[in-house]
Structure formats: structure tokens, C-alpha cells
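Novice: Quick one: sequence and predicted model below, then my questions.
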Amino acid sequence: MMNFLVKTIANAGALAVAVWLLDNITLTGDSTGKEIGTLLLVALIFGLVNFLVKPVVKLLSLPLLILTLGLFTLVVNALMLMLTSWLADQLDLSFHVEGFWTAVLGGLIISVVSWALNVVLPDGD
């Protein structure tokens, strides 16, 4: 349970950095508390998408992953971020990613920041 909490906080931090760095990834709210709550909910959605959907997409795109020596992972990460944005919109959360190339750059930022935060934060196991 602690590991799940740490990963969710790391995802929320990584999403916050992407929102802060990229103008086309937006997170709006009436107050700072509401923005933090929305960010945590989006981080939960992002974690679920990465847990449930990403392995299937990676398996189906295995030939492209091999052919591009893993660079197609950037496209898969972008698609997961766009799916998270769509799901957040369906759940009436104020998180939106505008465009595929923004999602590629956002996915790259989220991957790097999430990795760094997972290194720094305790594992909980």
C-alpha cells in the first residue's frame, strides 16, 4: 500500500512539472487545494492507465519497439498521457493535453521526473 502511495505522489509531482513547463498541458481549479486534489486524481488515473493499458499497447507494438530500438516508447507514453487527458475530461476533471507533440514532450518530462522522484522517495517495501 505504501508503494502505491509513493508512486501516486511521484506521478502527481511529475504531472505538476509537466503542467508547469508546458503551456499546452493545463490544470485549472478555483483554489490551490482544488488543483492539488485534481492533480492527485489525475495521477491516480495516469497510474491506472499505465498499469492496465500500457502493457497491452507495448505488447501489441513490440515489433515497432524492436525496430526503433525502444524509441517508440515515447509514442506509447504520449498515447497514455492523451488517454489520461481524455478520461479526466470524461470525469469532469480540469486536466487537458493539447496535441500529440505536446503529449510526446509531456510524456518525456513525466518519465524523467517520475524516475527521479522514485529514486529519491522511499520505496515502502
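Specialist: Right, received. Where do you want to start?
Novice: What are the phi and psi values at Thr26?
Specialist: Backbone geometry at Thr26, expressed as degrees, to the nearest 10, gives phi -120, psi 150.
Novice: That one against Leu93, yeah?
Specialist: No: taking Cβ atoms under 8 Å as the definition, Thr26 is not a contact partner of Leu93, at 11.3 Å. The way it works is simple: take the backbone N, C-alpha and C, and place the C-beta from them, glycine included.
Novice: And the lowest mean pLDDT element among the helices and strands of the chain?
Specialist: helix 2-21 (a mean of 89; mean pLDDT, DSSP states H and E).
Novice: Now it - C-alpha only, CSV.
Specialist: This file holds the C-alpha atoms of helix 2-21, laid out as CSV (Å, rounded to 0.1, in the frame of the first residue of the first chain):
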residue,chain,number,x,y,z
MET,A,2,2.8,2.4,0.8
ASN,A,3,4.5,1.6,-2.5
PHE,A,4,1.2,2.6,-4.3
LEU,A,5,1.0,5.8,-2.4
VAL,A,6,4.7,6.7,-3.2
LYS,A,7,4.2,6.0,-6.9
THR,A,8,1.0,8.1,-6.9
ILE,A,9,2.8,11.0,-5.3
ALA,A,10,5.7,10.7,-7.7
ASN,A,11,3.2,10.7,-10.6
ALA,A,12,1.5,13.7,-9.2
GLY,A,13,4.8,15.5,-8.9
ALA,A,14,5.8,14.6,-12.4
LEU,A,15,2.4,15.7,-13.8
ALA,A,16,2.8,19.0,-11.9
VAL,A,17,6.2,19.6,-13.5
ALA,A,18,4.8,18.9,-17.0
VAL,A,19,1.9,21.3,-16.3
TRP,A,20,4.4,23.9,-15.1
LEU,A,21,6.8,23.5,-18.1
